[in-house]
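Engineer: generate coordinates for the sequence data below:
(one chain, ligands or ions: 1)
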Amino acid sequence: MEEHPVPMITVAVTGASGALGQALLRQWHRRGARLIALTHGVTPLVLRQATGEAIPLQQVCWQVGQEAALRPMLEAVDVLVINHGINPHGQRSAAATELALEVNALSAWRLLELFAEVVRERQAPARPRPEVWINTSEAEIQPAISPLYELSKRLIGQLLSLRALDLASTLRLRRLVLGPFRSALNPIGVMSADWVASQVLRQALDWNCSLVIVTPNPLTYVLMPLTTLSRWAYVRLTSRP
Ligand SMILES: NC(=O)c1ccc[n+]([C@@H]2O[C@H](COP(=O)([O-])OP(=O)(O)OC[C@H]3O[C@@H](n4cnc5c(N)ncnc54)[C@H](OP(=O)(O)O)[C@@H]3O)[C@@H](O)[C@H]2O)c1
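Structural biologist: Next comes the predicted model:
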């Protein structure tokens, strides 16, 4: 199928040095976007095209808990892809709980709110509409043999459902629900990060899906739309703007 190039837009991706972060940046580069790689490490990130040529990108260092420092950088961003994450596997200590909630859920939520604020304050409404993509994971609704990972991914998934009701007028929100792919976080994943990233961009940009699902598990394709729909109805009925 034909890939749609995007108008010249700036895309920032968190967790940029991870397997999916790099794969998403490569895919966005193929679509002609300007790239900002958000990493919490300081090692310079060098991404290459299949030809070996370096992919131009701006690398920005950030830390969980210091999201506000990213405000000036976000001024120039059209699409923010919130992708960073950790998997505490079998841990359940207080420290591991705090870290999982901070990294996987609360920092993602803070970035979402910060970007919405930045967009609201822009002088001229941006065209196309700014977007946030949040990588919640299939662990939102399926077991991942990692209780803290599931808990923190469910939290960010539910926060997204709750806040989407108010933020959707400012931002186009897309939820990425991905199955197991190979990375440092999941060395035995069955899919490759590059393939997953290509499917993510295909569903989001070519098919215009808000709920992007890439997984070999057929149950997720049935359960995830039902879950998001029932959450939307519940939150709408039981809360106010
Ligand atoms: N692998 C899977 O099977 C799978 C399935 C579904 C969803 N996901 C989700 O996909 C996303 C990317 O994961 P991945 O599989 O590509 O794993 P990965 O290769 O380990 O990448 C995760 C990245 O998150 C960033 N990160 C880690 N600890 C952090 C911290 N304390 N503060 C801020 N950033 C931190 C790091 O990037 P920087 O050093 O660049 O900051 C790290 O490289 C995660 O949200 C994960 O939950 C993964």
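
Engineer: so how far is the ligand from A139?
Structural biologist: Computed as C-beta to the nearest ligand atom, to the nearest Å, the A139 to the ligand distance reads 7 Å. Bear in mind the C-beta positions are built from the backbone N, C-alpha and C, glycine included.

Engineer: tell me the contacts of that residue?
Structural biologist: Contact partners of A139, counting by C-beta atoms under 8 Å, 6 or more residues apart in numbering, are 146, 149-150, 153-154.

Engineer: ok, and the most crowded of those residues?
Structural biologist: K153 (27 neighbours; other C-beta atoms under 10 Å).

Engineer: which residue sits closest to P56, ignoring its sequence neighbours?
Structural biologist: L35 (7.1 Å; C-beta to C-beta, 6 or more residues apart in numbering).

Engineer: the closest residue to the ligand within the chain: how many residues sit nearby?
Structural biologist: Among residues of the chain, the one nearest the ligand by C-beta to the nearest ligand atom turns out to be G18. It sits 2.0 Å away. The burial count assigned to G18 is 20, neighbours taken as other C-beta under 10 Å.

Engineer: so what's it up against?
Structural biologist: G18 makes contact with 83-85, 183-185, according to C-beta under 8 Å, 6+ apart.

Engineer: can you tell me the helix or strand for I156?
Structural biologist: Here I156, judged by DSSP states H and E, is contained in helix 147-167.

Engineer: the inter-axis angle of the following helix or strand past that helix versus helix 147-167?
Structural biologist: Scanning the chain past helix 147-167 towards its C-terminal end, the next helix or strand to appear is strand 172-178 (assignment: DSSP H and E). In terms of direction (axes from the mean of the first three to the mean of the last three C-alpha atoms, to 10 degrees), strand 172-178 departs from helix 147-167 by 160 degrees.

Engineer: off-centre distance for the next helix or strand after strand 172-178?
Structural biologist: Following the chain from strand 172-178 toward its C-terminal end, the next helix or strand by DSSP H and E is helix 193-201. Shown here is helix 193-201, whose average C-alpha point lies 13 Å from the average C-alpha point of the whole chain (C-alpha atoms, centre = their mean, to the nearest Å).

Engineer: just the C-alphas of helix 193-201, formatted as PDB.
Structural biologist: Once side chains and other backbone atoms are set aside, the C-alpha atoms of helix 193-201 remain, and they are given as PDB (Å, rounded to 0.1, in the frame of the first residue of the first chain):
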ATOM      1  CA  ALA A 193      10.100  -3.000  16.400                       C
ATOM      2  CA  ASP A 194      10.600  -1.800  12.800                       C
ATOM      3  CA  TRP A 195       7.600  -3.800  11.600                       C
ATOM      4  CA  VAL A 196       5.500  -2.500  14.500                       C
ATOM      5  CA  ALA A 197       6.500   1.100  13.800                       C
ATOM      6  CA  SER A 198       5.600   0.800  10.100                       C
ATOM      7  CA  GLN A 199       2.200  -0.600  11.000                       C
ATOM      8  CA  VAL A 200       1.600   2.200  13.600                       C
ATOM      9  CA  LEU A 201       2.300   4.900  11.000                       C
END
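
Engineer: and it, what does it pack onto?
Structural biologist: Using 3 or more C-beta pairs under 8 Å, 6 or more residues apart in numbering; DSSP states H and E as the contact test, the elements touching helix 193-201 are helix 19-30, strand 172-178, strand 211-214.
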